[in-house]
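> Turn this into a model:
(one chain, ligands or ions: 2)
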Amino acid sequence: TGSSRPQRMLKAVQKNATKGDPKSVISAIDYYCRHKEWAMNVGDDKGLILDSVLTEVNPSTALELGTYCGYSSVRIARLLSPDSKLITIEFNPAFAAIARQIIAYAGLQDKVILVEGASGDLIPKMKERFGIKSFDFVFLDHWKDRYVPDTKLLEDCGLLKKGTVLLADNVICPGAPEYLKYVRNNPRYESRYYPSNLEYTKVEDGLEKSVFLE
Ligand SMILES: O=C(NCCCCc1cc2ccncc2s1)c1cc(-c2ccc(F)cc2)cc(O)c1O
Ligand SMILES: [Mg+2]
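Ligands and ions are numbered 1, 2, ... in the order given. As a prediction, this is how the structure comes out:
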């Protein structure tokens, strides 16, 4: 059988990027997905917003829900300070296998812990498995109807602290209307919408940044 889209993306990275150079891995994926084959990476436009929020937060422990091929894992991990860690959760083993290779190609394997499984099952195990007290930063980019239940789960598991920043992708396209309602009408969050566009297209999309207040 033929190759998959993630496999072709990995090939493009191995062909066009420089090993150990995260910036070149990001550019190689953006070029491939813009000119050859669309894929659901956060992309370069929303990626700049992700970069600026990350630089502002400078998290010691970050969580990503929805690794896909590791594009945003590379974007996040490249900006982390030396002893900081990113834990990223991916449900699909085929995606996870490609992501591990792309993260390693960027030379960021020591900063990223990729865990395979469902967010709903893994979030309650974060403390015992990884010794996490709480997360400073959470990037939500998985099933859009899991944004609300998993945010509530993070609250209930005591994994959010005063000042934790949640950044949610795709709140317009494909859309996460229940999530926007949840964080915008909730006194425990201070939310702000960053307008942008769906990766590699002119379609409107954006990121919602929500700061946990207590
Ligand atoms: O579905 C999207 N992303 C989630 C993939 C689901 C992977 C999961 C990870 C995980 C981890 C733990 N537990 C459970 C899960 S489920 C997604 C889709 C589009 C899009 C936009 C317009 C289109 F026309 C078609 C697709 C754009 C995006 O940026 C996306 O992020
Ligand atoms: Mg997304």
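
> ranges for the helices of this structure?
Remark: helices assigned in the chain by DSSP state H are 5-16, 22-35, 43-57, 71-77, 93-105, 119-122, 126-130, 147-156, 177-184.

> Render the CA-only coordinates of the fourth one in CSV, please.
If I follow you right, that is helix 71-77. The C-alpha atoms that make up helix 71-77 are tabulated as CSV, following Å, rounded to 0.1, in the frame of the first residue of the first chain:
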residue,chain,number,x,y,z
TYR,A,71,4.7,20.2,14.4
SER,A,72,3.4,22.2,17.4
SER,A,73,5.5,20.0,19.8
VAL,A,74,8.6,21.2,17.9
ARG,A,75,7.3,24.8,18.0
ILE,A,76,6.7,24.6,21.7
ALA,A,77,9.8,22.6,22.8
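
> Report whether the expected contact of Arg184 with Ser191 is present.
Yes: applying CB atoms under 8 Å as the test, Arg184 and Ser191 come out as touching, 5.1 Å apart. (Each C-beta comes from the backbone N, C-alpha and C, glycine too.)

> what residues do those two have in common as contacts?
For the pair Arg184 and Ser191, no residue contacts each of them under the criterion CB atoms under 8 Å, 6 or more residues apart in numbering.

> Could you list the low-confidence segments of the chain?
Applying pLDDT under 70 to the chain flags no residue at all.

> Most proximal residue of this structure with respect to ligand 2?
Closest contact between the chain and ligand 2, by CB to the ion, is at Asp169 (3.7 Å).

> Now do the contacts for Ile132.
By CB under 8 Å, 6+ apart, Ile132 lies in contact with Thr61, Ile87, Met126, Leu159.

> Now stretch 167-184: buried residues?
Neighbour counts using 16 or more other CB atoms under 10 Å place Leu167, Ala168, Asp169, Asn170, Val171, Ile172, Cys173, Ala176, Tyr179, Leu180, Tyr182, Val183 of stretch 167-184 among the buried residues.

> For the third one, which non-adjacent residue is closest in space?
Across the structure, with CB to CB, 6 or more residues apart in numbering as the measure, the residue nearest Asp169 apart from its sequence neighbours is Asp141 (4.3 Å).

> what about that neighbour, distance to Gly47?
Applying CB to CB, to the nearest Å, one obtains 12 Å for the distance of Asp141 from Gly47.

> now do Asp169
From Asp169 across to Gly47, the span is 10 Å (CB to CB).

> joint contacts of the two?
Jointly contacting Asp169 and Gly47 under the rule CB under 8 Å, 6+ apart are Ser72.
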